[in-house]
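Q: Turn this into a structure:
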Amino acid sequence: MNDLQSSVRNLVLKKMQQAAQSTGQILNQVHDDYNLIESGLFDSFSFLEMLASLETELGRPIDFGDKDPGEFTTLGGLVQCLSTPQSVQESLP
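A: Numbering: from 1, shown residues only. You can find the predicted model right below:
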């Protein structure tokens, strides 16, 4: 795991801990295949709120347009999606 992935993982884990506290859940060891939605940790609305918060904290928009939702609803998948450099498109004059 590189530094960016480690930083993103820690940020996502922090969000997960906050969600767990608000729902009364206890998170022990969380593996990469931990499903954020199916576990009940996030519902669809709180998941979108978390993504918006991550966009703000990372300082860039998150584009999941070309992703299958199954790719980013697990801890490992979300970290991978957030750690992939966004393609930068140069604007033409």
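Q: Where does pLDDT dip in the protein?
A: 85-93 (pLDDT under 70).
Q: Just give me the residue closest to the centre of it.
A: Leu78 (4.2 Å; C-alpha atoms, centre = their mean).
Q: Next, the contact list for the nearest residue in space to Ser44 that is not next to it in sequence, please.
A: The spatial neighbour of Ser44 that comes closest, neighbours along the chain excluded (C-beta to C-beta, 6 or more residues apart in numbering), is Ile37 at 7.2 Å. Yep, even glycine has a C-beta here, placed from its N, CA and C like the rest. Counting by C-beta atoms under 8 Å, 6 or more residues apart in numbering, Ile37 makes contact with 43-44, 47, 73.
Q: Narrow these to those in strands?
A: Among these, DSSP state E puts none in strands.
Q: Next, format these as JSON lines and append distance to Asn2 and neighbour count.
A: Below are the contacts of Ile37 laid out as JSON lines (distance: C-beta to C-beta, whole Å; neighbours: other C-beta atoms under 10 Å):
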{"residue": "Asp43", "distance to Asn2": "31", "neighbour count": "12"}
{"residue": "Ser44", "distance to Asn2": "30", "neighbour count": "8"}
{"residue": "Phe47", "distance to Asn2": "25", "neighbour count": "19"}
{"residue": "Thr73", "distance to Asn2": "22", "neighbour count": "17"}
